[in-house]
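[1] how would this look folded up:
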Amino acid sequence: MIVSCAVGYDHLNGTALAERGITLCNAPGLAAAPVADHVLLQTLSLFRYTPIFEHILRRHGSTNTTRTAISTSGWDSETGRPLQHLCNQRLPDYDAARDHAPGFSLGAYVGGREVRQPRGHSVGIVGFGAIGREIGARLASIGMKVHYYKRSPLTFEETAALGYEATYHSSLDTALQVSELLVLACPLTSDTLHMLNSRTFALLPNGAKLINIGRGKLIDTSALLDALRAGKVTGAALDVFESEPNVEPELLQRWDVLLTPHIASSTIETLQGAEQICVDNMVNGFYGDGLSVTRVN
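    Presented below is the predicted three-dimensional model:
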């Protein structure tokens with residue numbers, strides 16, 4: 001018996017294990033709420049550009065100087081940062097920043113890009129299981145219009161249980177076309193490998209934002225970088241990576257990419273719940289009826 005404390009098991013060959021009489025178990029059902037919380041945080045961060053404001057504030061040490069510098073500089077899509085002439089140099093005070101860029105700023109622009117609320121924008125969620133539905137609930141609560149793509153639509157009962165409106169798409173292409181924010185929440189399979197590539201990135205609305213909490217190889221990283229440089233995608237939040245555990249060097253340098261080290265579900269409550277499921281699987285497998293609680297093969 002192999003007992004995993006994770007939900008995903010694509011790194012193990014369940015069929016080959018079963019052929020050798022080895023039971024494979026995972027720990028499902030625990031990650032939905034914390035992962036959805038993480039997506040909500042990243043959504044707000046992408047729309048409001050808060051990590052970039054923090055970068056510049058730490059450099060300047062003044063709220064007024066920061067807002068003025070970042071609002072009046074342009075955006076360098078090639079590097080994924082505001083133009084360097086103001087944001088990357090240390091100005092002594094607000095007056096010095098104002099001399100370079102006259103006018104008072106409330107912080108409604110970042111490198112010439114408008115800072116917008118998520119409210120009223122459309123989010124497309126790829127994968128609408130327990131995690132995807134929790135994500136939809138969080139984003140619907142802040143006024144986003146929820147669209148989802150999965151192999152089959154929710155039943156009438158499942159739709160009623162959502163508590164919010166969600167539009168079904170039977171085609172990934174049609175879902176992408178309305179996704180001002182795209183959230184990947186599906187497993188990695190032969191069908192989903194590089195589902196975001198040069199062709200599919202082109203289907204997104206101009207200026208779209210992207211969050212991936214599924215698997216890193218869902219995205220062709222080279223195509224993502226091309227989309228960022230072209231301004232097709234104006235921000236991405238990645239918790240998983242194509243070459244994980246390593247992160248592609250250019251992603252590390254860009255301020256329009258928010259990076260977290262595969263921690264979307266990482267809370268003490270999740271860990272304790274997974275430990276209990278693992279123990280239940282072992283006890284049931286060795287001392288019960290021989291069937292694991294959460295067998296996946």
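
[2] T68 contacts G107, correct?
    No. The criterion here is CB atoms under 8 Å, and T68 misses it with G107 at 9.1 Å. C-betas here are computed from N, CA, C, even on glycine.

[3] burial check on the spatially closest residue to G29 that is not a sequence neighbour, number of neighbours?
    In this structure, G29 finds its nearest non-sequential neighbour in A130, 6.6 Å apart by CB to CB, 6 or more residues apart in numbering. For A130, the neighbour count with other CB atoms under 10 Å is 18.

[4] G61 now?
    As a burial measure, G61 scores 11 neighbours (other CB under 10 Å).

[5] phi first, then psi, for E165.
    Backbone geometry at E165, expressed as degrees, to the nearest 10, gives phi -80, psi 130.

[6] returning to what we had before: which of T68 and G107 has more neighbours?
    Legend: neighbour count by other CB under 10 Å for T68 and G107, higher for T68 (26 against 16).

[7] could you check how far the more buried one is from A108?
    Remark: distance between T68 and A108 (CB to CB, to the nearest Å) = 12 Å.

[8] sorry, back to before: surely the residue nearest to G29 is in contact with A32?
    Yes. Using CB under 8 Å, A130 makes contact with A32 at a distance of 4.3 Å.

[9] identify the bridge partners of L182.
    When assigned by DSSP bridges, L182 has beta-bridge partners G124, L210.

[10] isn't it up against H121?
    No. Using CB under 8 Å, L182 is not in contact with H121; the gap is 11.3 Å.

[11] buried sites along stretch 118-127?
    Buried residues in stretch 118-127, counted by 16 or more other CB atoms under 10 Å: 118, 121-127.

[12] using PDB, write out every CA atom in stretch 191-202.
    In PDB, the C-alpha atoms belonging to stretch 191-202 read as follows (Å, rounded to 0.1, in the frame of the first residue of the first chain):
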ATOM      1  CA  ASP A 191      -5.400  15.900 -22.600                       C
ATOM      2  CA  THR A 192      -4.500  18.800 -20.400                       C
ATOM      3  CA  LEU A 193      -0.700  18.900 -21.000                       C
ATOM      4  CA  HIS A 194       0.100  22.400 -22.300                       C
ATOM      5  CA  MET A 195      -3.600  23.200 -22.700                       C
ATOM      6  CA  LEU A 196      -2.400  26.800 -22.500                       C
ATOM      7  CA  ASN A 197      -0.200  27.300 -25.500                       C
ATOM      8  CA  SER A 198       0.400  29.800 -28.300                       C
ATOM      9  CA  ARG A 199      -2.900  29.000 -29.900                       C
ATOM     10  CA  THR A 200      -5.100  29.000 -26.800                       C
ATOM     11  CA  PHE A 201      -3.400  32.100 -25.300                       C
ATOM     12  CA  ALA A 202      -4.400  34.000 -28.400                       C
END
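
[13] thanks a lot, catch you later.
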